[in-house]
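K.L.:
I'd like to go over a predicted model; first the sequence, then the structure.
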Amino acid sequence: MGLFGKKHQKMVLFACIENAGRSQMAEGFFRKYAPEGWSTMSGGSSPKSYVNPLAVQVMKEAGIDISNHKAKILSEEQIRMADLKVNMGCMDTTECPSLILGNYVDWGIEDPKDKPVEKVREIRDKIESKVKELVSQLVAEQIK
């Protein structure tokens, strides 16, 4: 139990290089589907100054508004606080968050940067599927 009798919220961290597309979409989906007792955040090892407008658009099409999300740098505190760390997948080995995350899961999802909207929708759908799968696993572990 935490302060005031509340249970500690468990945290999942979604990480990518720019925190402008994949990790923002994953954070949005996880907020929608999160099991009780879980929250989320996202960050990037080299964040952009904005969230990819196509990511915002395709998430809105899926009924999730991430237009107020801001790209943020991964901090040591975020990494320490996270009970589960998900690297969205990266091609760049010098800036890849996996270098600083420690124990993490890698989803290997393609970066939507500079892709046409149809491709960004495919990436969104893959992220939603992976998030739902993750939530199912978390629920199953809580029941055990």
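P.N.:
Here it is on my side, so go on.
K.L.:
and the helix or strand bottoming out on mean pLDDT in the chain, which residues are buried?
P.N.:
In the chain, no helix or strand scores lower on mean pLDDT, DSSP states H and E than helix 98-101, which sits at a mean of 74. Residues of helix 98-101 classed as buried: Ser98, Leu101 (neighbour count, 16 or more other CB atoms under 10 Å). C-betas here are computed from N, CA, C, even on glycine.
K.L.:
Tell me which helix or strand comes right after that helix.
P.N.:
strand 105-106 (DSSP states H and E).
K.L.:
So what touches that following strand?
P.N.:
With contacts defined as CB atoms under 8 Å, 6 or more residues apart in numbering, strand 105-106 is touched by Leu84, Lys85, Val86, Asn87, Gly89, Ser98.
K.L.:
Sheet partners, orientation included, of it?
P.N.:
If you go by DSSP bridges, strand 105-106 pairs up with strand 84-87 (parallel).
K.L.:
which residues in this protein form helices?
P.N.:
22-33, 53-61, 76-81, 98-101, 117-143 (DSSP state H).
K.L.:
Looking at strand pairing, list the partners for Ser39.
P.N.:
Residues in beta-bridge contact with Ser39 (DSSP bridges): Met11.
K.L.:
got the contact list for it?
P.N.:
Counted by CB under 8 Å, 6+ apart, Ser39 has contacts Gln9, Lys10, Met11, Val12.
K.L.:
next one: Asp65
P.N.:
Gly28, Met59.
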